[in-house]
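Sequence and predicted model, in that order:
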Amino acid sequence: MSGFLHRLVLACLLLPLLCGAAGAQDAASPDLGKPIAGHADTTYADLIRMVVPDLTAKGDYYVGSSPIEMRHIAGPDNDSSPPDAPSVFSAGVLGIKAGGKDRLAMLFDLGESPDSTEGYAVLALYDLTGKPKLLDAVNVATDRFTFFRHPGKLSLGASDDALMISSTHFNSNQGYMSTPLILVRDDRFELIDLINTFDENVCSYRRSQDLTFQALSDGSPYAAIKATITDKTVPGEETCDEPAQKAVSNDISVTYRWDKKTARYVADSDAFEKLAADNEKRF
């Protein structure tokens, strides 16, 4: 299957995760050719053109060439080149609070990077209170396919939200997912942490690692964030000559608290790093 068709199929498969029955905390997936609310002369495609200036409609999707220069959310060691011919099938949009201001976060995949095994997905931040303005844009792809989680944001108080992205790929019996947890501060995206999980489904067992988030009010400018991975093993009906497994469920939690001195979130343990190292042994 060509890269183009592969992305088209994956876009269809991931569409329910992008929109579905969108709730207050969920991303929506609008028609890119439709005007944005309150701006009859600006479409969602026009917002993407602030990142890919020559974006052009081609049937049910859009194509362009070089996007504007942008950094990777996880730092310069993760930088990669954008696709030679970016294409956009859909986008996830989510209204958020940042510093007490209304902002729009938009996530769209541009395709495969020519010098990386990862995709190239743009998370863009817009101010729509007047003439639409692009405030920041970062590459958030840490794997092949990237989308907003469900839910896509977490309230950190009356004035701010955190964003949760999923980046994933999978094969016949293994699924790999990384979750960038992102803060918007001074109209710029900042990475809080990159959390990795791993699912495995074989004859003798199915092991899943489900990640959830909870805000904990602690009097700080930004609420503490408790992240929990439920690491669960369920025995399979067949063994296929593999060792039998017992049913096990274990919650692994890390709490991120705002540190005024460093002006950043700090994790209270390295439990997620230890889990990721253990997972790598099973790849």
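Okay, I see it.

just for the protein, where's the confidence low?
For the chain, the stretches flagged by pLDDT under 70 are 1-24.

ok, 50 please
By pLDDT under 50, the weakly predicted segments of the chain are 1-23.

where do the helices sit along it?
For the chain, the helices defined by DSSP state H cover 3-18, 44-49, 271-280.

can you give me how far the last one is from the chain middle?
Using CA atoms, centre = their mean, to the nearest Å, the mean C-alpha position of helix 271-280 is found 20 Å from that of the whole chain.

in that helix, what's buried?
272, 275-276, 279 (16 or more other CB atoms under 10 Å). The C-beta positions use only the backbone N, C-alpha and C, and glycine is treated the same way.

what sits up against stretch 244-254?
If you take CB atoms under 8 Å, 6 or more residues apart in numbering as the criterion, stretch 244-254 is touched by 193, 204-205, 226-236, 267-269, 271-272, 275.

Out of those, which end up buried?
Looks like these have 193, 204-205, 226-227, 229, 231-233, 236, 267, 272, 275 buried, using 16+ other CB under 10 Å.

So which of the residues you listed is the closest to Val51?
Using CB to CB, Asp193 comes nearest to Val51 of those, at 25.0 Å.

And the one residue sitting closest to the centre of the chain, how far from Asn139?
With distances taken as CA atoms, centre = their mean, Ile165 lies nearest the centre of the chain, 1.7 Å away. Distance, Ile165 to Asn139, using CB to CB, to the nearest Å: 11 Å.

Mutual contacts of these two, please.
Leu123.

so what's Leu128 up against?
Counting by CB under 8 Å, 6+ apart, the residues that Leu128 touches are 36, 38-39, 102-104.

Tabulate those residues (CSV), appending neighbour count and distance to Asp46.
Output for those, formatted as CSV (neighbours: other CB atoms under 10 Å; distance: CB to CB, whole Å):
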residue, neighbour count, distance to Asp46
Ile36, 19, 8
Gly38, 9, 13
His39, 14, 9
Asp102, 11, 19
Arg103, 20, 17
Leu104, 19, 13
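
out of those residues, who's nearest Asp60?
Among the contacts of Leu128, and counting by CB to CB, the member closest to Asp60 is Ile36, at 19.5 Å.

Which residue of the chain lies farthest from its centroid?
The chain, CA atoms, centre = their mean, max distance from centroid: Asp241 (37.8 Å).

Columns distance to Glu69 on top of the buried residues of helix 271-280, output as a markdown table?
Below are these laid out as a markdown table (distance: CB to CB, whole Å):
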| residue | distance to Glu69 |
| --- | --- |
| Phe272 | 31 |
| Leu275 | 35 |
| Ala276 | 30 |
| Asn279 | 34 |
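
Farthest pair within those?
Phe272 and Asn279, at 10.3 Å, using CB to CB across these.

Overlap of the contact sets of these two?
Asn196.

Count the neighbours of Val184 for me.
Neighbours of Val184 under the rule other CB atoms under 10 Å: 25.
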